[in-house]
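curious how this folds, go ahead:
(one chain, ligands or ions: 1)
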Amino acid sequence: MKPKLRFAPSPTGNLHIGSVRTAIFNWVWAQSLDASLVLRIEDTDLERSKKEFEDNIMEGLDWLGLSFDEGPHQPLNGMKYRQSERINDQAYQPYIDQLLSSGNAYYCFETDDELTAERQAAEDQGIPYVYSRKSLSYSPDEVTKKLDNGTPWTIRFRVPDHAMIIVKDVIRGDISFESKLLSDFIIVRSDGNPTYNFAVVVDDHEMGITHVVRGEDHISNTPRQIMMYDAFGWDVPQFAHLPIILGPDRSKLSKRHGAKSVSEYRDDGFLADALINYLSLLGWSPPDGKELLSREELNDLFDISRINKAGAVFDTVKLTWMNKQYLAKKSDHEILALIHSFVDPKLKKLSDLDRKILSVRDNIETLSQINDYLDVYSRDTTDFFNKFQALPITESDIKVIEYAHAAIAQLSKWDASSVTELMEGAIESLSLGKGKVMKPMRKSMTGDESGPNLIDCLALIPLNEIKARLELVLKHVNSTASN
Ligand code: GLU
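Numbers count the residues shown, from 1 in each chain. Here you go, the predicted structure:
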């Protein structure tokens with residue numbers, strides 16, 4: 001059988017990075033197995049599932065460039081890939097009937113209150129709760145009668161009595177579960193809809209899934225799913241449960257740790273390649289420990305046996321660093337094409353916008369930071385002076401400012417070479433180090449203490465503006481010095 005994997009997100013929220021990490025490992029393992037990859041939308045929770053979340057997931061996967069061979073938009077042989085559509089088509093009904101008639105499933109008639117009381121009693125005795133199987137004792141006639149009377153019901157899977165269920169996990173080895181601790185679980189809800197555990201087994205079987213890669217939070221579902229495969233007499237797929245993603249405090253990663261959805265990372269100006277690269281290293285590493293990996297390298301080097309069991313810590317600083325490395329590899333042309341949609345409308349009016357963008361391209365870590373860096377070019381003399389007044393100025397700074405003021409007064413042309421000459425002149429005449437000259441020049445001409453390449457930056461501020469700034473600065477330092 002040709003290997004086949006699937007990514008099966010639930011559209012109950014925007015595409016988050018934990019899901020993307022699962023999608024990446026499915027995608028990359030599928031490539032190394034020469035398998036096909038299915039996208040399935042698991043929306044059996046009709047209340048929490050929303051179209052807008054499905055759209056967000058699809059858009060995010062598209063933006064990341066993770067492609068699928070089958071899915072809602074590429075159906076194979078008339079297959080439906082949204083569980084809600086499969087419910088409408090009654091796709092699960094024959095399988096429910098099959099389990100009921102083979103005695104592997106049964107109707108359960110206890111009310112919520114009765115079940116809560118059972119659960120409470122187990123808790124009071126300090127024992128793990130397993131359903132009492134009260135409904136299992138009803139005769140077929142009693143069951144029919146209750147159904148005819150409209151008594152509310154669910155359908156439970158009948159767990160084998162004394163079995164050891166072994167989950168063979170590619171990453172974790174064998175994990176054993178005693179069936180007697182696994183309560184008979186609900187496979188059809190009171191509204192007639194299948195639960196996740198049931199739908200996933202039917203879907204994986206019908207879709208021909210051979211390998212299941214998902215987060216470790218699903219490990220406890222796996223023995224239940226295996227029991228259903230066994231009840232149907234179906235082949236069990238290979239399982240690989242990926243390590244949990246943790247925040248820096250080693251608790252499960254959440255928004256609280258600053259983790260965002262993929263669309264938010266995109267809107268902040270992260271690149272899809274950087275996100276894929278970073279997330280692929282959460283729980284996996286290539287043999288040589290290399291960190292910057294193109295998609296091709298990731299595909300070449302991927303080996304499922306190198307996935308760890310230990311939780312992987314998500315580090316925004318590292319992701320941001322990696323994004324900067326990817327930005328650095330882009331040509332000027334590519335940077336301009338990527339960045340324009342991030343520039344604030346009010347900064348779009350700047351003269352020489354492209355040159356200004358390129359003067360700060362090496363500084364930005366994410367595309368949206370362009371606005372912070374372009375700010376230096378959007379100041380008028382008053383904005384500049386307000387910033388300057390807040391800066392610390394030393395005696396040595398004043399000497400440089402005086403030198404610059406006098407030298408610039410002579411100039412009628414202002415470009416990168418005049419800025420360079422000015423700096424070199426100051427270094428030589430004042431016998432100061434480069435840093436001691438550049439810092440006061442930046443402060444007295446931009447109002448910042450640090451920023452982009454100073455030569456490129458100053459050359460992009462008009463000469464008359466530089467002159468006006470130095471004029472004000474000099475007056476200010478003289479008046480504060482004499483006070
Ligand atoms: N729909 C499940 C989720 O989003 C995935 C289930 C699975 O991969 O089996 O967590």
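
how about the secondary structure of Y373?
Of the three states, Y373 takes helix according to DSSP: H, G, I helix; E, B strand; the rest coil.

ok, the nearest residue to it once chain neighbours are set aside - how many residues close by?
What sits nearest to Y373 in space, not counting adjacent residues and going by Cβ to Cβ, 6 or more residues apart in numbering, is V360, at 3.8 Å. Bear in mind the C-beta positions are built from the backbone N, C-alpha and C, glycine included. Residues lying near V360 (other Cβ atoms under 10 Å) number 23.

contacting residues for V360?
By Cβ atoms under 8 Å, 6 or more residues apart in numbering, the contact set of V360 is 370, 373-374, 451-453, 457.

where do the strands of the stretch 201-350 of the chain begin and end?
In the stretch 201-350 of the chain, the strands defined using DSSP state E, counting those that start in this stretch lie at 211-215, 238-242, 245-246, 312-313.

want to throw these into TSV with mean neighbour count?
Below are the strands of the stretch 201-350 of the chain laid out as TSV (neighbours: other Cβ atoms under 10 Å):
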stretch	mean neighbour count
strand 211-215	21
strand 238-242	21
strand 245-246	20
strand 312-313	17
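
among the ones you listed, which is nearest the ligand?
For the ligand, the closest of the strands of the stretch 201-350 of the chain is strand 211-215, at 3.6 Å, according to Cβ to the nearest ligand atom.

outside of that closest one, which residues touch it?
The contact list for strand 211-215, computed with Cβ under 8 Å, 6+ apart, reads 3-6, 8, 18, 22, 25-26, 29, 33, 35, 204, 237-242, 244.

so of those, which ones are in helices?
Mapping the contacts of strand 211-215 onto helices (DSSP state H) picks out 18, 22, 25-26, 29, 33, 204.

which neighbouring elements make contact with the helix-or-strand element of the chain with minimal mean pLDDT?
The weakest-scoring helix or strand in the chain, judged by mean pLDDT, DSSP states H and E, is helix 463-482 (a mean of 91). Contact here means 3 or more Cβ pairs under 8 Å, 6 or more residues apart in numbering; DSSP states H and E; on that basis helix 463-482 packs against helix 381-389, helix 395-409, helix 434-446.

most packed of the ones you listed?
helix 434-446 (a mean of 20; mean count of other Cβ atoms under 10 Å).

just the helices in the stretch 251-400 of the chain please.
In the stretch 251-400 of the chain, the helices defined using DSSP state H, counting those that start in this stretch lie at 262-268, 272-280, 295-301, 316-328, 332-339, 353-360, 370-374, 381-389, 395-409.

which of the ones you listed sits closest to the ligand?
helix 262-268 (14.3 Å).

how about residues contacting the closest one?
14-17, 20, 56, 59-60, 63-64, 260, 272, 275, 366-368.

weed out the non-buried ones from those.
Buried members of these, counted by 16 or more other Cβ atoms under 10 Å: 14-17, 20, 56, 60, 64, 260, 272, 275, 366-368.

quick check: the residue of the stretch 51-200 of the chain nearest the ligand.
Proximity of the stretch 51-200 of the chain to the ligand (Cβ to the nearest ligand atom) peaks at V200, 4.9 Å away.

coming back round to it: restrict the contacts of strand 211-215 to those near the ligand?
When contact is defined as Cβ under 6 Å from any ligand atom, the contacts of strand 211-215 meet the ligand at A8.

near the ligand, which residues of the stretch 201-350 of the chain?
214, 218.

and stretch 67-86, which residues are buried?
68, 70-72, 79-84, 86.

stretch 228-240 too?
Neighbour counts over stretch 228-240 (16+ other Cβ under 10 Å) mark 228, 231-232, 236-240 as buried.

with stretch 219-229 instead?
219, 221-228.

so what touches that stretch?
99, 104, 157, 159-160, 163, 165-167, 169, 175, 177, 179, 182, 185, 187, 196-198, 200-201, 205, 235-236, 239, 241.

does E142 lie in a helix or a strand, and which?
helix 140-148 (DSSP states H and E).

so which elements touch the helix or strand that that helix is followed by?
Once helix 140-148 ends, the next helix or strand along the chain (criterion: DSSP H and E) is strand 154-157. If you count contacts as 3+ Cβ pairs under 8 Å, 6+ apart, strand 154-157 packs onto helix 93-101, strand 105-108, strand 186-188, helix 222-232.
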